[in-house]
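1. Pasting a predicted model and its sequence here:
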Amino acid sequence: MPDRPRLVIATGNAGKLREYRDLLAEAGLDLVAFDTEIDEVGETYAENARLKAEAARERSGLPSLGDDSGLEVQALDGFPGIRSARLGPTQKERTAELLRRLEGVPRPWNARFVCLIALAVPGRDTELFEGECRGEVVPEWRGEAGFGYDPIFLVPGTGKTFGEMPPEEKRKYSHRAAAAGALLKSGALSHL
Ligand code: ITT
């Protein structure tokens, strides 16, 4: 059997990597994880996703995918947004810090998750794909599935947080699944 084309997933986040292994399975690629540890100095998700993907492409010489994502709470003017990974040293602390900032703010705490994927292939212009998922932040931690803010993000109409959903259910709604779906549909992975 011929070798499958390789695609670098430029992340140090194990939760993201797990999701890409599932979401991109149908593309038949050999996914390789590589944490570029670059400074996320961009002012948008798109810029940061591009920085990650292009750094991985430069260092590996291989097609590379960068993901920049975050949670935006409407009542906090979109905070933490692109700073979602920087609210504290552990996810428990990041979640607690977000809930602390929401104390006294009337509910519902409408929010959305956003995911930007950058695909950087040697010899090609970098391409961008976006996905979002609208929902509500809840004040108590519910469930242990997924990663990040999943246990406090309630998905409308399901009665469940992402933390209470198995992976196959989260992928029906998630911002990352939407972005990965757009990437697959574009055909950009068909000829790597
Ligand atoms: P890499 O940059 O190495 O990929 P990171 O965790 O630093 O990993 P980001 O800068 O894109 O990634 O930060 C995204 C943060 O947003 C992430 O750490 C989570 O806290 C949160 N987040 C993103 N997608 C999420 C999801 O599907 N579920 C829960 N939280 C998510």
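-> Sure thing, it's come through. Numbering: from 1, shown residues only.
2. use CA for all of it now, contacts and neighbours both
-> Will do.
3. Compute the first-to-last residue distance for stretch 147-162.
-> Stretch 147-162 has an end-to-end distance of 9 Å (CA to CA, to the nearest Å).
4. What are the buried residues along the helix ranked longest in the chain?
-> The residue-count maximum for a helix in the chain (DSSP state H) belongs to helix 45-60. Buried residues in helix 45-60, counted by 16 or more other CA atoms under 10 Å: 45-57.
5. Would you mind listing what in this structure touches the ligand?
-> Residues of the chain lying close to the ligand (CA under 6 Å from any ligand atom) are 11-13, 35, 67-71, 84-85, 147-150.
6. just to revisit the earlier point, what helices or strands is the longest helix of the chain leaning on?
-> Where contact means 3 or more CA pairs under 8 Å, 6 or more residues apart in numbering; DSSP states H and E, helix 45-60 is packed against strand 6-9, strand 64-73, strand 109-120.
7. Make TSV from those and add mean neighbour count, distance to residue 100 and mean pLDDT to it.
-> Converted to TSV, the helices and strands packed on helix 45-60 look like this (neighbours: other CA atoms under 10 Å; distance: least, CA to CA, whole Å; pLDDT from 0 to 100):
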stretch	mean neighbour count	distance to residue 100	mean pLDDT
strand 6-9	22	33	98
strand 64-73	26	13	98
strand 109-120	24	13	98
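8. Show the contacting residues for the residue lying closest to residue 73 once chain neighbours are set aside.
-> Closest residue in space to residue 73, ignoring its immediate chain neighbours: residue 111 at 4.3 Å, by CA to CA, 6 or more residues apart in numbering. Shown in contact with residue 111 (CA atoms under 8 Å, 6 or more residues apart in numbering): 71, 72, 73, 74, 78, 134, 135, 136, 137.
9. Return the backbone torsion pair for residue 97.
-> With angles defined as degrees, to the nearest 10, residue 97 sits at phi -70, psi -40.
10. Could you verify my assumption that it touches residue 86?
-> No: Residue 97 is beyond contact range of residue 86, at 10.6 Å (criterion: CA atoms under 8 Å).
11. for residue 141, helix, strand, or coil?
-> Here residue 141 is coil, with the state taken from DSSP: H, G, I helix; E, B strand; the rest coil.
12. give me the low-pLDDT residue ranges for the protein?
-> Counting by pLDDT under 70, the low-confidence segments of the chain come to 1-2.
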